[in-house]
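*Asks:* Here is my input, please return the structure:
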Amino acid sequence: MMKGVVEQTVVEDVVDKQNKKKNRRSNRRSNRNSSVSASTSVNEIHGETTQCLKNGNKSKNLTSSGSYSAGRQQGLDLHASNELELTSASNVAFSSMPTMHINEPDSVEARSMQNQPVLPDLAGRVFSKSCPDPVVGDSPYWAYTNKNWNLYHQNEGYGQSKIFAAHWSVEAVNEALVKGDAFKALFRVNAHNRLEAYCKIDGVQTDVLISGIAAQNRAVERDVVLIKVDPLSMWTKMKGLANNSAPLEDSNLLPEANEMNGDSYRGNNMVDFGYEYTNSEMLPERGFHYDDGSLLGETSTSHPERIEPAGYNFSNGHHPSTSDCPHIGPSNRLNEVMNSVERLSSMISLYPSKRPTGRVVAIIERSPRRDGVVGFLNVNQWFNYRDGYKKDTKKNKGSLLISELEFVQFTPTDPKFTKMMVLVKDLPDCIKKRVEEGDSTVEMELVAAQIDDWGEGSPFPQAHVSHVFGRAGEVEPHVNAILHENAICCSEFSPESLSSLPHVPWEVPSEEFYSRKDIRNLCIFTIDPSTATDLDDALSFERLSDGIFRIGVHIADVSYFVLPDTALDIEAQIRSTSVYMLKCKIPMLPMLLSENLGSLNPGVDRLAFSIFWDLNAVGDIVDRWVGRTVIRSCCKLSYEHAQDIIDGKIGLENSNTSGNGLPQLHGHFKWADVIGSIKSLYEVAKTLKGKRCCDGALQLESSKPVFLFDENGTLYDSVLYERKDSNFLVEEFMLLANITAAEVISRAFPDSALLRRHPAPNMRKLREFEGFCHKHGLELDASSSGQLHQSLQRAREMLKDDSVLFDILINYATRPMQLASYFCSGDFKDNADWGHYALAVPIYTHFTSPLRRYPDIVVHRTLAAALEAEELYRKYGRISPKENHEEEGAGRCFTGFYYDKDAAQSLEGREALSAAALKHGVPDMNILADVAAYCNDRKLASRNVKDACEKLYMWVLLKKKEVLLSEARVLGLGPRFMSIYIHKLGVERRIYYDEVEGLIVEWLEATSTLVLRLFAHKRSSRRGASNYRPLEDVAYVVRPYDLIEEQDTGGSVKNSSTMDAGGAGRTRQCSEPISNNGIDPRVFPLTVHLLSTIPVALHAVGGVDGPLEIGVRLYMSSYLR
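*Replies:* Residues are numbered from 1 along each chain as shown. Model prediction:
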């Protein structure tokens, strides 16, 4: 209850003092500004509450009323204190689909980026042209004392009282972890409501809600925290979607557990507070690939894969309330913890309408995000304060030094982060000089701040500016900011790492032909995007006797060049993955290796890891071979080439003609060999895919938008793209190769294999999905991944005339899915936890992309160790080939189709495996678990970069077009806003229509119907009517005769009085009609139902005056405007 007392006291103090000040204002001003009470409902949106707080108290200039769109405020705006009492419940119904966050689209393939220029060295540089020298964040922690804070905020109600509870000591944390009284978890914030955060506890089906800044206790996004679960009586009502309705503020919650990612928690969970991330430790990740693109993990590239932490290792369970559960004795601590987990799970099952709540009691590991929060400095507030303070000081003849007290407010662009305070005296010289000169354009500079401290008595963190990127609204500063906040390493490769690579021209050493299988005589080829330059994989096909086919997958042997513990290996591990943006990439490995020495380029000898399978006509594997090889690709095919061959557009009759667009063919092979191989591979791939689906594999495929650039690299449009059969052909064999590699390494090294798991979906959300489908006449069986897949295929057939709704359904089906993650096999003694839900396979790993993913290099080394162990075991003379082995398979006791368990468990076998693991640098269990967790983190960072860059370029496209017309489907309706899905962009957005001047809102809850009526001269008589928003914020209204004129002039809109993204009353010339064709406006009154199709107008928001956002308005026609 202390938490509530602290919250209420602070809020009441602040509000009471602000109200007293307002009473001293003129009657006109007091009538215009409404006071804020501690019981403010969340039905008042975050920005509205803030506005109420900002309207008063200009004399001290602490709460200036200036603001920018999307929430950037000029004044210090102490609304955080009012946030203390905001509740998370809503009394207003919101009819919707189950909560769903449509992810930003992916490009067609990250591999299509591979020929793009590598980003130049950005590390350690300052990106602002106005600041030529690097900005070093070396200022000490915030110098304020409570006295200083009091002097500045004596009128704001803070005084000496503490806002937050003290964090627990290390000893108390460790004791709580051992007893299971509190739990270690990753702290995730709701981007739509920062007062809500969620913590995932392993083994519990529902996340714990941490509501309010007092309960969050100074934790920030992605901190690893210790939480204590509240008693059952304090649990809140679950924001469910029963009866197809949801609370107002729940329409776009974070995916909660589905967004978890980062650190894995192992061992006895003891805590060392001395451990912190640093910028130098948190570096990059890789882009998109056909066997690793789905939200489900591996089966699709239609959705970006989001990586959660190795959640299998979240710390020891839960805290059952002392009022609900007996005290846990010290006899058997592991069982005690598991019992507490089971009790909490049982309690949640007994009360499914309740969500457990809790509070943060300690911050165990500080988030790396603390070191790179991007945002803006609100210097106008400081200008006003400085002028007023100087006048007061002169009048009172004061002698207090201003320099010790002056600070500016820092507003992050990420809504998950709170505002911060930055001392003026600690600003970088290039910024401080401009501030001292009164340069208000400093507010347009995009900067990064590093959190230094957050005391118990401070409502805001204390920070310093660490980087200045440049003017907001320009592409380069925003790209640099995106890379910085995700801790992406952009520096050039060190001379030490490059020195380990051979010089070019390079040839395969002669000794490799003796230790490897020479298969240069096979017809081997690559299939990649036409722009790819780093070629990881190749395919081959042979037809054997008796109806047996031999399929070969050949992967670049990068581990030959990247040896363990070398400078190059360390740098590759730090980067962890290549990072793909729309127009460039940041490679994990030097281009000399990724595009030359290691790339499977045609016509040259290359080192590879190869896997061959012998399959019968029904797709059953009858034998396999795994080994190191020397190959020579005969040609580099694009997906378009392969698709044309599959479709019969390229055949034997036109393959030898000039101008056929086919690539150069190397060696003695003919196009008949390549064309025949691709057609045969396609038939086998269809068989394998059919078997996977019958075995329960789930595949969520939908169209996705991709960006189009002209020959000068200028973005001009986006289109929807769907993967073709050629994509699935390659994917099928890569999946099979990954499964095979996982089987080999997990058998040979059961405690130190790097694997990849995908847990079962969130059952609560899956049931909500089932309920929604049932309500709309779609039968869904989600009892298994296979049944879910079959149900979705039936839905596809039913919705064949409504592809947009099916795309929505597929995107929605991803919501319950948890995220795939890397893990060390030794962390899961029960193999049942190794499974991959989407693929419906018991074991999986990543093997096929070693040029772009560090985990694949680790898997290659483990495979090499298994092969080496076979050779060592053979030298012992203990080979006992199994019957039915072919001659070439004899002795393959660890990697062959028939695994010799007796050999692996024998003394000689164990010695051979141990010696081989040491030689090839296979990490032990503890190190490998850390590698897995780090790679998960870097993969998510890369995903974030890609998503942010796509949003940036979409913003640029909309800025260029000014207004982009599109159709949208209504996903949710309520009295205040609607949630819509814009198919053209593949994104979900909201349109708020409450308190809009000239607009009457009728909400018919019984039928979930919305009616919007337009009145030309409506003026509200309510107090505070000046806070009503203009209609142009909600609707892009054109006049009918403008539409006729537009048709007559070929698409241009002239003399329109509508308000575009830039301001009111501006005449807009539509010079980009290419994407607006066929979209007609609606008229008032507008009646909207769930799943209605409505026209919308998209525009760019922010830039120099705030975070980049994609704004959306209704597209309407009326004579009244």
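
*Asks:* The stretch 951-1100 of the chain: strands as residue ranges?
*Replies:* Along the stretch 951-1100 of the chain, the stretches classed as strands by DSSP state E, counting those that start in this stretch are 964-973, 977-982, 987-992, 999-1004, 1009-1014, 1035-1038, 1082-1083, 1086-1088, 1093-1103.

*Asks:* could you give the angle of the fifth one to strand 999-1004?
*Replies:* When you say that, I think you mean strand 1009-1014. Strand 1009-1014 runs at 160 degrees relative to strand 999-1004, counting by axes from the mean of the first three to the mean of the last three C-alpha atoms, to 10 degrees.

*Asks:* Strand partners (parallel or antiparallel) of strand 1009-1014?
*Replies:* As defined by DSSP bridges, the strand partners of strand 1009-1014 come to strand 999-1004 (antiparallel), strand 1086-1088 (antiparallel).

*Asks:* ok now do Gln216, which residues does it touch?
*Replies:* Applying C-beta atoms under 8 Å, 6 or more residues apart in numbering, we find Gln216 in contact with Phe187, Ala197, Ile210, Arg359, Val360. Where C-beta positions appear, they are placed from N, C-alpha and C, glycine not excepted.

*Asks:* So which of the residues you listed wins on neighbours?
*Replies:* Greatest neighbour count in the contacts of Gln216, by other C-beta atoms under 10 Å, goes to Ala197: 30 neighbours.

*Asks:* Please name the bridge partners of that one.
*Replies:* Per DSSP bridges, the residues bridged to Ala197 are Val189, Ile210.

*Asks:* Now do the same for Ser37: its pLDDT.
*Replies:* Reading off the confidence values, Ser37 has pLDDT 35.

*Asks:* For Ile621, which of the strands paired with strand 1009-1014 is the nearest?
*Replies:* Across these, Ile621 has its closest neighbour in strand 1086-1088 (53.9 Å, C-beta to C-beta).

*Asks:* Flag every buried residue along the closest one.
*Replies:* Neighbour counts using 16 or more other C-beta atoms under 10 Å place Leu1086, Val1088 of strand 1086-1088 among the buried residues.

*Asks:* quick thing: my sequence starts at 2, can you match it?
*Replies:* Sure thing, new numbering starts at 2, so read that last one as strand 1087-1089.

*Asks:* Of the contacts of Gln217, just say which sits nearest to Ile740.
*Replies:* Closest approach to Ile740 among the contacts of Gln217 (C-beta to C-beta): Phe188, at 35.1 Å.

*Asks:* so the closest one, which of the three states?
*Replies:* Three-state assignment for Phe188 (DSSP: H, G, I helix; E, B strand; the rest coil): strand.

*Asks:* quick one: contacts of the host helix or strand of Lys920?
*Replies:* For Lys920, the element it lies in under DSSP states H and E is helix 908-921. For helix 908-921, contacts defined as C-beta under 8 Å, 6+ apart pick out 560, 565, 749-750, 753, 862-863, 865-871, 873-874, 877, 879, 894-895, 904-905, 923.

*Asks:* Mind checking the pLDDT average for that helix?
*Replies:* The pLDDT scores in helix 908-921 average 93.

*Asks:* how many neighbours does Ser341 have?
*Replies:* Residues near Ser341, counting by other C-beta under 10 Å, number 23.

*Asks:* re earlier: including distance to Pro843 and mean pLDDT, could the strands paired with strand 1010-1015 go into JSON lines?
*Replies:* Shown next, in JSON lines, are the strands paired with strand 1010-1015 (distance: least, C-beta to C-beta, whole Å; pLDDT from 0 to 100):
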{"stretch": "strand 1000-1005", "distance to Pro843": "50", "mean pLDDT": "93"}
{"stretch": "strand 1087-1089", "distance to Pro843": "47", "mean pLDDT": "94"}
